[in-house]
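Asks: Output the structure for:
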Amino acid sequence: MINEIGEKISKLRKQKALTLKELSEMTGLSISFLSQVENGYSSLAITSLKKIADALNVPITEFFNSYNNHSFHIKTDQQKIFKIEGNSAEYILLSGEFPQRMLEAMIVYIQPESVLGSKFNHPGEEFVYVLEGNLIIDVDGEKYYVNSGESIHYPSMMPHLWYNPSKQKVKLLTVLTPAIF
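Replies: Numbering: from 1, shown residues only. Sure, this is the predicted structure:
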């Protein structure tokens with residue numbers, strides 16, 4: 001999948017007659033990093049992919065074959081699990097799709113003893129409700145232990161990451177702004 005995403009980025013960039021330097025300036029990502037991504041040598045975080053999608057003026061879903069939703073109502077049989085390269089988490093999108101949508105709701109499964117994120121930050125805010133298991137969420141260096149049935153809500157401009165310390169998969173509901181997918 002990493003090669004497929006890189007190839008799609010390269011193809012879209014060339015269709016729009018953009019150089020790597022121009023895409024770098026538009027996204028804030030280095031030329032060498034973008035080159036590695038396009039050539040399949042490096043994976044990228046969802047926030048970086050979102051920056052690239054915005055710069056190329058395409059929805060981030062352009063990079064995922066498995067997700068296609070054009071409805072307000074998301075029925076159970078339409079909910080599909082998808083993964084992002086370089087990240088062991090699994091996602092199910094729950095949000096309807098319409099212009100200027102601000103919220104993104106999804107179910108996220110975090111694998112046992114794994115980290116999601118790398119102290120990244122982005123505009124907006126995040127709400128997380130743990131459905132099953134427990135999670136450590138580090139927000140700007142402060143660790144929060146969030147158990148099943150508990151929630152946390154924070155500005156996502158603060159560096160943050162999620163860690164599943166257990167030997168079981170964690171299932172959570174998250175709602176964030178701005179919409180990513």
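Asks: Now do the contacts for Lys16.
Replies: Taking Cβ atoms under 8 Å, 6 or more residues apart in numbering as the contact definition, Lys16 lies against Leu56, Asn57. Quick note: C-beta positions are derived from backbone N, CA and C, even for glycine.
Asks: all helices for the chain, in order.
Replies: Assigned by DSSP state H, the helices in the chain fall at 2-15, 20-27, 31-38, 46-55.
Asks: just those helices: most buried one?
Replies: Neighbour counts (mean count of other Cβ atoms under 10 Å) averaged over each of these peak at helix 46-55, with a mean of 19.
Asks: Below-threshold pLDDT in this structure: ranges please.
Replies: Residue ranges of the chain with pLDDT under 70: 1-3, 43, 64-70, 84-86, 118.
Asks: Break it down into its domains, please.
Replies: Domain segmentation of the chain under automatic domain parsing yields 2-63, 76-177.
Asks: Nearest the geometric middle of the chain, what residue?
Replies: The C-alpha lying nearest the average C-alpha coordinate of the chain belongs to Ile46 (Cα atoms, centre = their mean; 3.6 Å).
Asks: Double-check that one against Tyr91; I have them as touching.
Replies: No. Assessed by Cβ atoms under 8 Å, Ile46 is found out of contact with Tyr91, at 9.1 Å.
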